[in-house]
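> From the sequence below, what's the structure:
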Amino acid sequence: MSEKPNAEDPNLDTSPINVDRHKTRDPSRNPDTDIRPPAPEKRNNAMKDCPKTTVLMRLSQFHEEKLHNAAKGFSKDKKHGRDYAERVWWEFNNAFGTLPKEAKKKNPWPNPTEKVISDAWETVDALHHFVPNHFLHISDEHHDPNDPARDKIDGSFIHDSDKDAITPDYPNWADMKFLVEFKKGDTAKDPFDDHNEDGPDATAKTRRAVRGQIMAYAERVFSYQHRSSVFFLIVMGNKFRVMCWDRSGVAVTEAVNYVHTVEGTEALLEVTYAFSKLSRANQGLDTTATRLLEGSCGWERMDLLANPSANDLDYTEGVIEGDIHDVFAKPEETATYGSLSGEDDTNLHHDPTFSCSGHATPPPVVPVLSHVRKLFRDSLVPGFPRYCLVVEGYNYLVGKHIFIASGMVGRGTRGYVALEWETQRFVFLKDSWRAYYVGVESEGAMLSKLNEEGVTNVPTVVRYGDVYDEPENDRSDKDGSHDSKDTQANPGNVSHSSTEAEAHHDSVVEEGDGESNDRGEGRGTKDEVVERRLEPRLQETVNARYHPAYGDQHVDPNLPPYLVRLPFRHENWAVNGKTAPKTPAKTALSNPSPNQTAKAVPQLQAHTGPNLPAFSDTSTATKAAPPSTARGVKRKFAAMIAGHQGTGLRHMVHSRLIVKEVCLPITAFTSSKQLVRILYGCIIAHAMAWTKCKYMHRDVSAGNLLIYPYVRKVDDKYRICWRGLLADWELAKHASKTAAMQPQRTGTWHFMSAYLLLNPGRPTTIPDELEAYLHVLIYAVLRRMRSNIESVLHFLEAYFSGYSVKVNREVCCPEAKTLSIVKGCTLTMVDDDVTFSTPDGSLGQDHPINKLISDLLKIFHSRYAILRWEKRLAPKRARQKTPAPKRPMTPPLEEDEDFDGVEPEELFGRKVEPQPVNDEEEPVSEPTPKMYDNLKNLDDHALIATIFRNSLKEHGWPQDDVVPDRQNEIGLIPEVLPQAGGTSDQDSGHATTNKAEAADPEDPQDVVMDEVDVKPDSLSPVAAAPTIDPHPIHPDPPPIEAHDSAPPTEVQEASAAPDPSLGRPAKRRRKDPVVKESDGPPLAESSTRRVTRSRSAANAAAATAAVAPAAVVVAAPAVAPAAVVVAVPAVATAAAALNGRASQASTRVTRSKSGKLPTANGRAGATTSRAPTTTRTTRTTTAARTASGTKTRRRGGVAAAEGTQSQPTRRSARSTRRT
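The predicted model follows:
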């Protein structure tokens, strides 16, 4: 597939920044930042980052375009076919209890739990093997100890050759081939909607949570393995969908019932069968990445080089005492010292995947700076796979990434400290998916030009290139059921592609012999068509081909559903052959393995079941029915396709870049003066790239400004020096390209200029890039220097990762950044100036870093002051008058009508005449000539570079003025204080919901589940991480203070504490009737002109009026946004309390059928009542519970007191579902 055309709107000056994406504001994008929000919030943010990236298609089209018609041989395969599908169908129905007990009758679907579904699948797979040469591994109870996300996928298909190597009951992310997730129910937990005209993504909260869960699991597989795509099977009760994920989005099939009919079961088995017949490349595996086995030559060498060497040098900046190795004194020696020599394998195997028992004369260890060795050693995590990656014919050995970008959809950047096998030196390897559009250059190509022009302080390119799948030659496995680990069984058969030519899709047709060896290299049946590629194929986001604007593939809306239900008729079959015309011959079933039968349900053994039922041709489902049989379904599906699904898909290709420098993060500086020097070097690199090559970086951020330690000779002495390195040029753009090159641009929100955040559609200019260096400076000193900011997290939110909302609902610049640089020129948080000091506080306001920040803020403020002034002088646009909606006119008020009966003079004792502001007074001052000079000097780098350089020449810089990273102080921030008038469960963080109703925010469980479906975790929980709300558009209302509230008694305090064992009832029933509203003033407006109160609210008001003359504070319910304070004055009777305005606040407006109101004693029609005088009974009265401040329930938007009954009661006449 060729490069895509540029952005959809050719008139754009630049690709717009998608400011709505959470990924641009994710704090974890920056070095050493590890803020992990709860899993549901993280997954919700991930889904917000990839809207319109789902493509829904019929299963038949998925077979053709994703599974490459590999299921054609299913019906002719000796081990499969119709008989095989019937046996699997019977096992499923036997497991779920849906087999008929008599002829022509079927049992209804029992809606089993997820645990029952997974057990049934595991047992049926042990008997019949859904995926040939694979087994279903269940892992729904534990998470991988090495997985910081603590994800627990329900199951996965793993190749038989890995059965002895996996860890039972745990997710083995490195070995998964086909992912499986089980869900209870039908559509309640279906993440996709087949009939939604707005797109296939479901919008219900629970269904969206399921989509976030499966997307997180797909992302986890990509982090452990090297892939271009991954197949995913989601089972929702008796239905299934098949998905194919890549870095652009997901292609998903319609939902198919696999239990109701044999045809449905056969549809499922055809999918699993076709997957086993796909080549490794078509299964989504990266054929240029070879999994290293423990004991291979590369594995053993990696372990050896992870140990410190005697010739290594400490990376700390300073003078080197003593002699140094020639590798440091003569840099040209690095490329040859320790490299492989000769054509034989006497010192090391030329292929690192070979099994190795040791070498007599291995090459010497190349000495490095200590930080390089440590980073490589830290990447060799036990249990994490190691790979050999191929870039332009060279082998690079890697362990775990030292950096990975968040999100399944996107560039998926991963950084490695890699061992270049041919030279035995350490390099940095960047693996990512780059945008593939016309005019967009690769990062490697741009860096090569910068290196050729002598631009300093940028990475030095070793080699780069896009990744191509290997051609499927005669020995290449057309059956991808075995992975690269199995390739090591015959290590000489490893071949790598080094070409960078465009991929050709020519293929040939070959007939297989239908046999399969013990490595799973099945070649299909004799009649099966197998396609082989003879040329390398570029790894790209294939799902992006379905983009409605520029894609070369389209979803066919005219295809009928895979299984169409015909008019109902009883199936002509029965159990045990009593009325069946024939019974299929039973085949010998292999016994399940010991590991598989541990969780098997006993009654699912095929040996003990009845004879299989016989089937006639009158089934209630059929394949490929004509469109007219499902015209309604077809019309909805076509309407959804017409809604332009997949408009968010981006075309990307897989790319790798090798650079010489292995760097430190910007936050590793040891003094503030050193930080300024490092930033100065990055500014010089930016200036040289612009003046020499006309490249604009466009993503200056803390994650892209690095520290490179190196050896330098100064005055006949060798020193370790640190200099800044401006990296990550993949978003750079040449000055000659003035139009938008791709649909959207993703920068780093934290460090963008205020101008770009306020105007996201404007192109990046030199002033924007220079301002970003100021924000990086503030960010670095905030984390590593002492300041008057006590809460680093709050300032990070207010200045970097937060945002404001304009009147037109556009997301824009954070408030603290706006105050500091747009409206003012002082670093400010709310109304306090921010200053930095030494650790002991001896040097505060006079610290040079404060002066530098102040000078830079004043210069950049000049730009915004001039823009505001010019905006004010510009002619105002005429506002379009919007016609007012027609509504009934109310009579005008009379001039002498008394509103409240009180004049301001009488109330305040004096008369004040308003003084209108003179129009000639200017609220915005005119910019000074100095500001205009500053703005002109921002057109190039000279002014800002000079300020940094002059600051370094000043005296008074402390030698050691840094503190440990204040990022670690985030966990010490106290919780928000409870609001006055009682603390709700939601505000305090101690919800009294049942375990079955809410998931642990720190436990990455999927969604709200039934209690029997909750997946336990035997390992200790991870420490709680602070919750960061990335979209605080709707702030909580301010708390309402309580007045004249008496201190609570011990009994009240005890009753106010929530009972953790008390679950919220799903339904309830009023025990007493209610009466119609009396002749008093109306309490509220309603559409039916009848206002009623619930029994609990009425009794509470009456009892409170009779017992408590003081004000009563009622705690807010868990769902209430703020505390509710009710003040009830003392009245003589309950009727007066019910009719009074004060009691109105304590009532809850509801609808009822009887229309009667209860009194305080609970009997309808009574006019007076006495408050309860005893609390000896086991169950407290309504008035006592209300007075003691127990939690309240909320219905219809108004809070009301709730009883403490733990068992829900069923409502008669009607029932409501509480969510």
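> in the stretch 51-200 of the chain, which segments are predicted with low confidence?
Scanning the stretch 51-200 of the chain for pLDDT under 70 picks out the ranges 102-106.
> Quickly find the element holding Glu906.
Glu906 is located in helix 904-908, with elements delineated by DSSP states H and E.
> should've said Ile944
Per DSSP H and E, the secondary structure element for Ile944 is helix 942-953.
> ok so, going back, I'd like to know which elements the helix holding Glu906 is packed against.
Of the remaining helices and strands, none touches helix 904-908 by 3 or more Cβ pairs under 8 Å, 6 or more residues apart in numbering; DSSP states H and E. Where C-beta positions appear, they are placed from N, C-alpha and C, glycine not excepted.
> immediately after that helix, which helix or strand?
As the chain continues past helix 904-908, the following element, by DSSP H and E, is helix 929-937.
> and that next one, what other elements does it pack with?
By 3+ Cβ pairs under 8 Å, 6+ apart, helix 929-937 packs against helix 848-873.
> For the helix holding Ile944, the averaged confidence score.
Mean per-residue pLDDT for helix 942-953: 96.
> just to revisit the earlier point, show me which positions of the helix holding Glu906 end up buried.
For helix 904-908, the neighbour count (16 or more other Cβ atoms under 10 Å) marks no residue as buried.
> who's in contact with it?
The contact list for helix 904-908 (Cβ atoms under 8 Å, 6 or more residues apart in numbering) reads Lys911, Val912.
> How about stretch 372-382?
Applying Cβ under 8 Å, 6+ apart, the external contacts of stretch 372-382 come out as 146, 302-303, 305-309, 312, 315, 386, 398-402, 416-417, 419, 426, 662.
> of those residues, buried ones?
302, 305-306, 309, 312, 315, 386, 398-402, 416-417, 419, 426, 662.
> Strands - which of those residues land there?
If you go by DSSP state E, these have Val398, Tyr416, Val417, Leu419, Phe426 in strands.
> The fourth one against Ala306, yeah?
No - here Leu419 lies out of contact with Ala306, judged by Cβ atoms under 8 Å, at a distance of 9.7 Å.
> returning to that earlier point: if you average the pLDDT over the helix holding Glu906, what comes out?
In this model, helix 904-908 has a mean pLDDT of 81.
> Low-confidence ranges, the stretch 451-600 of the chain, go.
Using pLDDT under 70, the flagged stretches of the stretch 451-600 of the chain are 473-533, 564-600.
> rewinding a little: show me what the helix holding Ile944 is packed against.
Counting contacts by 3+ Cβ pairs under 8 Å, 6+ apart, helix 942-953 packs against helix 672-693, helix 848-873.
> So which other helices or strands are in contact with the longest one?
Using 3+ Cβ pairs under 8 Å, 6+ apart as the contact criterion, the elements in contact with helix 848-873 are helix 672-693, helix 754-758, helix 766-784, strand 836-837, helix 929-937, helix 942-953.
> helix/strand/coil for the closest residue to Cys50 other than its chain neighbours?
In space, and not counting its chain neighbours, Cys50 is closest to Val409: 3.7 Å by Cβ to Cβ, 6 or more residues apart in numbering. Look at Val409: counting by DSSP: H, G, I helix; E, B strand; the rest coil, its state is coil.
> What distance do you get for Val409 to Arg150?
Per Cβ to Cβ, to the nearest Å, Val409 is found 22 Å from Arg150.
> With neighbour numbers in mind, choose between those two.
Val409 (27 against 20; other Cβ atoms under 10 Å).
> what separates that one from Cys663, distance-wise?
Per Cβ to Cβ, Val409 is found 28 Å from Cys663.
> lowest-confidence helix or strand of this structure?
Within the chain, confidence by mean pLDDT, DSSP states H and E is lowest for strand 507-511 among all helices and strands, at a mean of 33.
> the strands in the stretch 151-300 of the chain, which residues?
Assigned by DSSP state E, counting those that start in this stretch, the stretch 151-300 of the chain shows strands spanning 155-159, 178-183, 230-236, 239-246, 249-253, 256-257, 289-291.
> hang on, the earlier thing: keep only those of the contacts of stretch 372-382 that are in helices.
Met302, Asp303, Leu305 (DSSP state H).
> What pLDDT is listed against the second one?
If I follow you right, that is Asp303. In this model, Asp303 carries a pLDDT of 95.
> same deal with Ala996?
Confidence at Ala996, expressed as pLDDT, is 35.
> before we move on, back to that, make a markdown table from the strands of the stretch 151-300 of the chain and add distance to Val555 and mean neighbour count to it.
Formatted as a markdown table, those follow (distance: least, Cβ to Cβ, whole Å; neighbours: other Cβ atoms under 10 Å):
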| stretch | distance to Val555 | mean neighbour count |
| --- | --- | --- |
| strand 155-159 | 27 | 24 |
| strand 178-183 | 23 | 25 |
| strand 230-236 | 18 | 24 |
| strand 239-246 | 13 | 24 |
| strand 249-253 | 9 | 27 |
| strand 256-257 | 17 | 22 |
| strand 289-291 | 31 | 23 |
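> do you know which of those lies nearest Tyr803?
Minimum separation from Tyr803 across the strands of the stretch 151-300 of the chain (Cβ to Cβ) falls at strand 249-253, 25.5 Å.
> ok, now which ones touch Leu657?
Listed by Cβ under 8 Å, 6+ apart, the contact partners of Leu657 are Leu429, Lys430, Ser432, Glu443, Gly444, Leu447, Val461, Tyr464.
> Assign it to helix, strand or coil.
Leu657 ends up strand, using three-state DSSP.
> Okay, now the unreliable bits of the stretch 651-800 of the chain?
For the stretch 651-800 of the chain, the ranges with pLDDT under 70 are 743-746.
> The same query, at a cut-off of 80, please.
For the stretch 651-800 of the chain, the stretches flagged by pLDDT under 80 are 739-747.
> picking up where we left off before, so the helix holding Ile944 versus helix 766-784, what angle?
Between helix 942-953 and helix 766-784, the angle comes out at 30 degrees (axes from the mean of the first three to the mean of the last three Cα atoms, to 10 degrees).
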